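Q: Take this sequence and fold it.
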Amino acid sequence: MCQHMIPCPSADATDREAARILATFQEQGWSLLCNGVIVFSDTGELLPDGTTIAPHRGPAVHALAA
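A: This is a model prediction of the structure:
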């Protein structure tokens with residue numbers, strides 16, 4: 001899906017939120033990322049396959065696995 005020279009993280013990667021924003025709708029509280037993930041202002045996510053990720057606050061999950 002991503003056409004960038006350095007590809008964005010895939011939708012199933014732990015750092016999927018690092019993908020570039022393609023479109024943002026701040027008044028509605030969501031943004032579409034290059035990898036097809038929709039991120040919401042409350043930190044919830046909707047993955048391209050329909051999987052939902054509950055809102056999460058605090059350190060990124062990949063930062064905790066040290």
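Q: for this structure, what spans make up the helices?
A: Assignment of helices within the chain using DSSP state H yields the ranges 61-64.
Q: Return the helix or strand in it with minimum mean pLDDT.
A: helix 61-64 (a mean of 68; mean pLDDT, DSSP states H and E).
Q: which non-adjacent residue is nearest the residue positioned nearest the centre of the chain?
A: Nearest to the mean C-alpha position of the chain, counting by Cα atoms, centre = their mean, stands residue 17 at 3.3 Å. Once flanking residues are discounted, residue 17 sits nearest to residue 39: 6.2 Å by Cβ to Cβ, 6 or more residues apart in numbering. Every residue, glycine included, has its C-beta placed from N, CA and C.
Q: Run a quick neighbour tally on that neighbour.
A: Residue 39: 20 surrounding residues under other Cβ atoms under 10 Å.
Q: Who is it paired with across the strands?
A: Beta-bridge partners for residue 39, by DSSP bridges, are residue 31, residue 45.
Q: who's in contact with it?
A: When contacts are counted by Cβ atoms under 8 Å, 6 or more residues apart in numbering, residue 39 touches 17, 30, 31, 33, 45.
Q: give me the low-pLDDT residue ranges for the chain?
A: For the chain, the stretches with pLDDT under 70 are 1, 58-61, 63-66.
Q: now the strands for it?
A: All strands of the chain, identified by DSSP state E, fall at 21-25, 30-33, 38-40, 45-46, 52-53.
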